[in-house]
Structures are given as structure tokens and as C-alpha cells.
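# pasting the structure only:
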């Protein structure tokens, strides 16, 4: 992988807008995020709209027969992925607060999230 | 096909709520509808929400590289499928009128559509 | 009571197949019959025998096969939808069969209830 | 300018692959380069060589193959997403190659723009 | 002989629930499954709408889908029943037809 | 160095367009493609919202997707430009990054 030594560092943002479990996107985005850690890029994760549910505490999907991948969000820190942003309005609309979340995040207003997105080089959404 | 002689006649409704071309559902529902004609059932087609766009006149998808299946709606009559219902509110929200439609339909209010659905034996939606 | 089940989406990408499986199991547990499970649209992708999900995740195709083995459930893949998407006899998992869309209409006629799972 | 393209959905069920193809063709026509097309999620289903859509419809896999032949476009299928869904070397269409998700991140780094097509 | 309506998408993402509520009849049952279960919780932007619907219809939510998402069944809007897959089967058996709002 | 936002779903079906409008910045470009093209038409329930957005952003709609659906490019809301795939490529090239609201 030449890129790991190419020296180019871009601002990547992975935008999570979908609920976990109903679709595979949350899980496979996480696989993307973990791979991106190997490329020494400036990685950002944004959770907005139903995406905030991806990092809800207490997920126990055994009863629906699917894998519980939510502990992986806690492992991100070990990959030096520490820029996690959550949209305040998205939490509020769903009756959630920061205390409901699995991992430490920075809570941004929708306006702040929009400005943060505007500064990115590569935005990946599913 | 034993059923073609079983004598059981059920009220089937195919509910179309999605726009054509962006997803395959409109096309593959139509394939279902055509097959159902062989079973001598009491077939109803409902077009509501973005599904009303499926029977919009003037569809020319050559430029997006996909097949134009909209003429098939005109062929339904030949299969004795003549119970086509369109929701008035769905047309109005999209700035459409009955004149925009490819085929003769019965326009129902949302309340009437709800009551019609309630009388069905089998409802198929995609 | 006889249930028929329609699965509109492929495995993993949507929960539809998982939900349909759980519904079938619960219905059988309660003594109901599953007349047929029909796979249409991307649902045909449930029937590939080439899928190998990570070992710590469920294998949806295998779950269907087990259901078919344990309870003789009829798993039918739409021939036209399958051809379009590359599900043919050559990669069809055991326990599934390929047939026409008429099998779905027939299920709608014969079963007491038809329950749909999709996107 | 170098474009990379990400395709998130399979053929036919969603327009994503068709839109991505048209985008690639238009970019090439304007003299741009397509650095890579990466297939992820259900997008891996674009790469099956077993699909046979009705003869009066487009063949999305063949359209990708033609793009690759005419313009040497690199078509990369994610190995993990493919394994999960049953897209492996055994049913991979010519013109596609299977590789790791790192190829997508690399494309994001090297290309000037990454354009995503999905559901 | 009512109908069982199923809704599987979040009302924050799609209009399916809204469409279902606009067509379901008094006495019908509505079951929230998969990503739609968020609509059953109190404290969300949809609480009022669900409480209203519960006055004329039987509303239920699938417990295993709540649990999967870490959502507390004790926080479900009053009038919505939490059921398991067996309860889903019962609802489908007790009603005349099933209508999936996809 | 603005961003190009793409939206591909009907605002009647999903909240993607709403989410995009809530985050796009003044000067950004928004391109409606696939099933989202209905949002570009005058006379729909979204006309006011789109006309407002056109005041601060560059709005465009993909002509081939309008034609596919039998929607008249002459009826597009004032301030929304109809482009072809080449125009889509130009928009992506002229902006710094692309953000697909899926």
C-alpha cells in the first residue's frame, strides 16, 4: 500500500444517518472506518438523524438473530479514531441525551455540523 | 396450476407507493400483476404517494439507460385488469392531475382508498 | 392456520430476511403451517450458496436451509427475478427451488395469510 | 481531473449503478479520468457473471464490462462485502477484480473527487 | 375482521408510518418492527401522533427489535403493547389480512 | 470551494432532501437526481422550500431523470438549472467535494 507512505493526509468524514440493524450500513461503514485507520488520514465520524441510534447504549440484538457490533464503537479509540460528532437536534427529536451514548462524543448543533462537513475533503455516506 | 381451477377468488390488491425507475419495484410489481391475471382473481391496483408517478404520461427513460415499461400499464386492460385506483391527495401534492395519467383510473380520496384497502384479502406492496 | 411469506430483500443489507425467519419460526412453534416462503426482487439473493459471512455473524442462507430441513418449508425463488440478478441453478443453495411468479399468487390464494417483509 | 466512484447498491433493484455508469461515461467523454469504481455493500452484486436480464432491458454487468474494456477502468469489488453476499472468484464477471476495502480509501486519497451512488 | 399493518422504517427517515396512519381503519392493528420501533418511544417527536392513533387502533411494537436497538420497553408510549415474534404471529392470525407499508 | 450535494430520493418518501437542506452551506450546489427530481417541479408541496433554497445555493436537477419520469423541464421551479450528465460531472469538478445524502 503505497498510500500509507504517500504523505497525503485528507479530511475524511463518514456520515452515519441510518439506524443500526434494520440495514447493514452501520456495520459496513464501521468496517470502512477501521480500514481507514491504516492510511493515517484525518478521520471524522458524524452521527446524525437516525444514525445517532448506532451508538445507543444497551443494544442486544440476539433476539433478532443478528450480530451485536456496537462494542466496536468503543474500540475505535484504540485505532486513534477519536473525532466523533453527534448532532444535538437528532438526539432531541428521538428523546435521547448524551448519557444514552456508548462512547464519548462531541455534540454539535445542526448548523455546526453543516459547517464541519463543509471543511471535509472526502465525505462517505451510506 | 391447480389453482386456476380451484374456484377460489380472492380480492388481491397491488399497492404501488414508489416512483418508477429509481428502484425496480414498479417494474417487478407489474410482472406480478400480469401473472395474477392467469389465476382469475379479483385484482386491484392502487397508486398512491410517489406510486402515482408510475402511470405518468410521457416517460422516456432512454437517457438514463433503463427500459421504458410504462406502455405495459396500457396493456393491462387486455388482461382484464381494469380496477386501477389513484389517490387524489397524492396527485395534488405532486402538482399532477388525472390528465397526466397514461391510463383510465378511478380517483379516490385518501379516506376512500383506506376503506377500499380494508376490504382486501391479499395486499402486496413493494 | 396456513401462512405464506414473501421476502423482498437480500440477506444482510436489510433486516427483512431475518425478520421473516423469526416470524416463520414463531409461527411453526405455535403449530401453524408455513405454506411457502417466496423470494422476489433482491430477495432472490437469499438463495445463493456462495455466501460466506464472517464466522461471528449469522448465515442467513443457512438459517433458511435449516428451517426447510426441520419443518419441510417450501422455499421458492422467482425464476425471472433470479435470472436478472444472477441466482440460477448453478449457484442455488440446497433447500431452495426455482419456480415461476405464479407460485406467489398461488400462495396468496391458498394460504390464510400472506405476510411481506421488505425494505 | 481524477474521479473515483463508489457504488453502494446492486443492479436493477436500484438506479444507483445506472446513474454511476452514466456519470463515468460523461466524465470520460469530457476527458476526465476514472481512477477506480469501487463496489461495496450490495454494490458487489454488479459483478456477478450469472445475471441474465430480459433481452429488452439493459445488462448492467455488461455495461460495466464495456466501460472497463473501452477505457481501462479499474472495477474493484470489496472482498468482505462480496464474501458475505456470495460474490467470489467463482462467479465474478470478467473485467472486475476482488480486493480489499483499502482500495476505496486509497481511491479517496488519490482521486480528486469521490462520488457515491446508493439507495 | 380488521387488518394488521406492519411498518418497518423509522418515521424520521421515511413517510411509511405516516402513510399507514393515513389509511388504517379504526379497529385495525399496527405493528412497528425493525427500524420503525423508535416511533413507539415516549419523548420522541412522534409521541403525540402515536398516542392519538392508539385511541382508535391497536398499536404494538416488536420487543426484540426494541432490545436490539437498546430502547427501553418501559418507555413505550401508553397504549402501545410490546409483543414478541409469537405475538406478531397472533396479530397476523387474528386479523383478516396483512398490509406491509414498505 | 463549495460542496456538491446530491439527493436521489423523493422528499415525499424520505427525509434526505430535508437533511441536505439543513446542512448545506450558502454557495454550495445541490443536484437532484433519480427519484429526487420530483422536488424540482413547480406546483408540488415542496415548491416553496426549493425556491427559498435557490436564493442562497446553486440548485440543479438532472434532465435525463426528469425525462425518464415524464416530468417537464419547462415546469422546473425558477432558480433550478436543468443539467445533463456532463453538467453533473462539471458540478463535481467545480466543487471541492461531493456529499451524497443517502
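Arrived safely, thanks for sending. Predicted model only: the values in this text are computed from it and were never measured.
# Where does residue 66 fall, secondary structure wise?
No chain in the question, so chain A it is. For residue A:66, there is no enclosing helix or strand under DSSP states H and E.
# that's the wrong chain, I wanted chain E
helix E:63-68.
# on contacts alone, who are the packing partners of that helix?
strand E:80-83 (3 or more Cβ pairs under 8 Å, 6 or more residues apart in numbering or on different chains; DSSP states H and E). All C-beta atoms are positioned from the backbone trio N, CA, C, and that covers glycine.
# Now do the strand it packs on, average pLDDT.
On average, the pLDDT along strand E:80-83 is 98.
# Direction included, what does it pair against?
strand E:58-62 (parallel) (DSSP bridges).
# can you give me how far the partner strand is from the chain middle?
Its chain's C-alpha centre and that of strand E:58-62 lie 4 Å apart, by Cα atoms, centre = their mean, to the nearest Å.
# And for residue C:57, the neighbour number?
Using other Cβ atoms under 10 Å in any protein chain shown, residue C:57 has 13 neighbouring residues.
# Once you drop chain neighbours, what's closest to it?
Spatial nearest neighbour of residue C:57, chain neighbours left out: residue A:67 (4.4 Å); criterion: Cβ to Cβ, 6 or more residues apart in numbering or on different chains.
# what's the neighbour count on the one you found?
14.
# Can you give me the pLDDT of it?
On pLDDT, residue A:67 comes in at 92.
# Can you name the residues that contact it?
The contact partners of residue A:67, by Cβ atoms under 8 Å, 6 or more residues apart in numbering or on different chains, come to A:27, A:61, C:56-58.
# what's the pLDDT at the residue most central in space within chain A?
In chain A, the centroid-proximal residue (Cα atoms, centre = their mean) is residue A:45; its distance is 3.9 Å. Residue A:45 is assigned 98 on the pLDDT scale.
# Check residue A:126 too.
For residue A:126, the model assigns a pLDDT of 87.
# Could you do residue E:1 as well?
73.
# and what of the one 4 residues further on?
Here, the pLDDT recorded for residue E:5 equals 98.
# how about the helices in chain E?
For chain E, helices defined by DSSP state H occupy the ranges E:16-23, E:47-56, E:63-68, E:85-94.
# Tell me if the first one is near chain B.
Yes. On the criterion Cβ under 8 Å from any Cβ of the partner chain, helix E:16-23 is in touch with chain B at E:19, E:22-23.
# Chain F contacts on chain A?
A:15, A:17, A:48-49, A:110, A:113-115, A:117-118, A:120-123, A:125-126.
# from the residues you listed, which are also near chain D?
Answer for those near chain D (Cβ under 8 Å from any Cβ): A:122, A:125-126.
# Next one: the residue lying closest to residue E:16 once chain neighbours are set aside from residue B:16, what distance?
What sits nearest to residue E:16 in space, not counting adjacent residues and going by Cβ to Cβ, 6+ apart, is residue E:101, at 4.4 Å. Distance of residue E:101 to residue B:16, given as Cβ to Cβ, to the nearest Å: 13 Å.
# likewise residue E:100?
13 Å.
# How about residue A:102?
Distance from residue A:102 to residue B:16, counting by Cβ to Cβ: 40 Å.
# tell me the contacts of residue 72?
Looking at chain A here, since you left the chain open. Residue A:72 neighbours (Cβ under 8 Å, 6+ apart): A:30, A:34.
# wrong chain, I was asking about chain E
Applying Cβ under 8 Å, 6+ apart, the residues near residue E:72 are A:58, E:41, E:66.
# out of those, which are buried?
Neighbour-count burial (16 or more other Cβ atoms under 10 Å in any protein chain shown) applied to the contacts of residue E:72 gives E:41, E:66.
# dump the residue contacts of the closest residue to residue E:59 other than its chain neighbours.
In this structure, residue E:59 finds its nearest non-sequential neighbour in residue E:80, 4.4 Å apart by Cβ to Cβ, 6+ apart. By Cβ under 8 Å, 6+ apart, residue E:80 lies in contact with E:32, E:40, E:50, E:54, E:59-61.
# so how far is chain F from the residue nearest to residue C:57?
Residue A:67 sits at a distance of 23 Å from chain F (criterion: Cβ to the nearest Cβ, to the nearest Å).
# Next: residue E:21.
15 Å.
# my read: that residue touches residue E:56, true?
No. If you go by Cβ atoms under 8 Å, residue E:21 and residue E:56 don't touch, sitting 10.2 Å apart.
# Helices of chain C, residue ranges please.
All helices of chain C, identified by DSSP H, fall at C:16-29, C:60-71, C:79-85, C:102-110.
# Do a quick rundown of the helices in chain A.
Counting by DSSP H, the helices of chain A are A:25-36, A:71-75, A:88-93, A:110-118.
# quick revisit: what mean pLDDT does the helix holding residue E:66 have?
pLDDT averaged over helix E:63-68 gives 98.
# which outside residues touch that helix?
For helix E:63-68, using Cβ under 8 Å, 6+ apart, the contacting residues are A:20-21, A:59-61, A:63-64, A:66, C:22, E:32-34, E:37, E:40, E:72-73, E:76, E:82-85.
# Filter the residues you listed down to the ones in strands?
Residues of these located in strands (DSSP state E): E:32, E:82-83.
# who wins for neighbours among these?
Going by other Cβ under 10 Å, residue E:32 tops these with 28 neighbours.
# right, and out of the contacts of residue A:67, which lies closest to chain E?
Nearest to chain E among these: residue A:61, at 3.7 Å, using Cβ to the nearest Cβ.
# number of nearby residues for that closest one?
For residue A:61, the neighbour count with other Cβ under 10 Å is 21.
# pretty sure it is in contact with residue A:21, am I right?
Yes. The pair residue A:61 / residue A:21 is scored as a contact, 5.6 Å apart, by Cβ under 8 Å.
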